[in-house]
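Student: Okay, predicted coordinates and the sequence, questions at the end:
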Amino acid sequence: MFVTSKELLEKARAERYGVGAFNVINMESAQALFDAAQKERSPFICQITETTLKYTRPEELVAIVKVLSERCTVPHALHLDHGRTFETVMQFLRLGMTSVMIDGSLQKDGKTPRTYEENIEVTRKVVEAARAIGVTVEGEIGRLGQVATGKEDILTDPDEAETFLKDTGVDLLAIAIGTKHGVFKGKPFIAHDRIREIRKRIPTILVMHGGTGVPDEDVQQGIKEGISKINIDTEMRIAFYNSIFATVDEMKKEFEQADKKGDVRSYDVRKMLTPAREAMTAAICGRMRIFASSGKA
């Protein structure tokens, strides 16, 4: 049964561990997440992004997740990640999300920045609608996840974060601290001093996006400094890709042997997807241990 992200994260903040928020895009990634959580006895957040709309109908994916949820025995939430518009958030709320993110920092195209005033307007509107049905809302302030150069002008300003919280009343706040979506090239810059300063100024739960590739020690330090939710997506994809590549190489050898013997080739995609799912499960288990959420269910 789903709970709200706020419920999971308030406990995590009190006990000083992090909760992983993992993006799922299909049956295999969803199965991997639920399997990992059961193995680790870890609370978790299952995330679906707005970009899923380009791949499959969200109600199809949510249906799979709901079946997995029914037999899951650890606390978990169902979250919309990076909803760009009020209309999109409402669409996912109707599917039963217990938590939503309105990314008011960028326009619908995901590239063009919104003004602070525009961010406030759309975020406040989502908070009003979601709170009426008891759903947690995550907002965003700063140029989160777009660049990771460490320049001061892209980091979340503590004063602005404090004002943003007062103006919107969000339950969770995603802050720009130097991380970015995707894979880091070189050593990432993580502004730990900025995390500590924001934590002093605002009481709400803090979120780290772009968790893939951040050194474990930086993640763990960030949790100690006040980060409670850590988003992971690319690390799962890398595990999936690496497994698929290895399996394809093995299948090519099997095809060659079959051809030499005059046998029929076996085209069974489950031979590819099963180890890929297992690889994702292992990657997720590893993150849960780093976040110290294992055994916290």
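Tutor: Nice, I can see it. Numbering: from 1, shown residues only.

Student: longest strand in this protein, by residue count?
Tutor: strand 76-83 (DSSP state E).

Student: for that one, packing partners?
Tutor: Judged by 3 or more Cβ pairs under 8 Å, 6 or more residues apart in numbering; DSSP states H and E, strand 76-83 is in contact with helix 5-15, strand 19-23, strand 44-49, helix 58-70, helix 86-93, strand 99-102, strand 136-141. Heads up, the C-betas are built off the backbone N, CA and C, glycines and all.

Student: Nearest approach to residue 288 belongs to which of those?
Tutor: Of all the helices and strands packed on strand 76-83, the one in closest proximity to residue 288, counting by Cβ to Cβ, is strand 19-23 (5.8 Å).

Student: Could you pull up phi and psi at the residue nearest to residue 112 when sequence neighbours are not counted?
Tutor: If the residues on either side of it in the chain are set aside, residue 112 comes closest to residue 106, at 6.4 Å by Cβ to Cβ, 6 or more residues apart in numbering. Backbone dihedrals for residue 106, given as degrees, to the nearest 10, come out at phi -130, psi 150.

Student: for residue 106, what are its contacts?
Tutor: Taking Cβ atoms under 8 Å, 6 or more residues apart in numbering as the definition of contact, the neighbours of residue 106 are 84, 112, 113, 114.

Student: wait, doesn't the first one sit right on residue 105?
Tutor: No: under the criterion of Cβ atoms under 8 Å, residue 84 lies out of contact with residue 105, with a separation of 9.8 Å.

Student: ok, these two, which is more surrounded?
Tutor: Set side by side, residue 84 and residue 105 show more neighbours around residue 105, with 26 against 21, by other Cβ atoms under 10 Å.

Student: Okay, and residue 210 sits in which element?
Tutor: Using DSSP states H and E, residue 210 maps to neither a helix nor a strand.

Student: meant to ask about residue 200, not that
Tutor: helix 192-201.

Student: Please identify the buried residues of that helix?
Tutor: If you call a residue buried by 16 or more other Cβ atoms under 10 Å, then helix 192-201 has these buried ones: 194, 195, 197, 198, 199.

Student: got it, and stretch 283-297?
Tutor: Residues 283-288, 290-294, 296-297 are the ones in stretch 283-297 that count as buried (16+ other Cβ under 10 Å).

Student: Just want the angle from whichever helix or strand residue 253 is part of to strand 19-23.
Tutor: Using DSSP H and E, residue 253 sits within helix 234-261. In terms of direction (axes from the mean of the first three to the mean of the last three Cα atoms, to 10 degrees), helix 234-261 departs from strand 19-23 by 50 degrees.

Student: Give me the buried positions along helix 234-261.
Tutor: Neighbour counts over helix 234-261 (16+ other Cβ under 10 Å) mark 234, 235, 236, 237, 238, 239, 240, 243, 247, 251 as buried.

Student: hang on, the first one packs against residue 212?
Tutor: Yes: in terms of Cβ under 8 Å, residue 234 counts as a neighbour of residue 212; the distance is 4.0 Å.

Student: Please pull out the lowest mean pLDDT helix or strand from the chain.
Tutor: The helix or strand of the chain with the lowest confidence, counting by mean pLDDT, DSSP states H and E, is helix 234-261 at a mean of 93.

Student: C-terminal to that helix, what's the next element?
Tutor: Scanning the chain past helix 234-261 towards its C-terminal end, the next helix or strand to appear is helix 270-290 (assignment: DSSP H and E).

Student: List of residues touching that following helix?
Tutor: Outside of helix 270-290, the residues that reach it under the criterion Cβ under 8 Å, 6+ apart are 20, 22, 28-29, 31-33, 35-37, 39-40, 42, 44, 211, 216, 219-220, 230, 232, 235-236, 238-240, 242-244, 246-248, 251, 294.

Student: chain center to that helix, what's the gap?
Tutor: Relative to the chain's own centre, helix 270-290 is displaced by 16 Å; criterion: Cα atoms, centre = their mean, to the nearest Å.

Student: Also stretch 101-118?
Tutor: Relative to the centre of its chain, stretch 101-118 is centred 18 Å away, using Cα atoms, centre = their mean.
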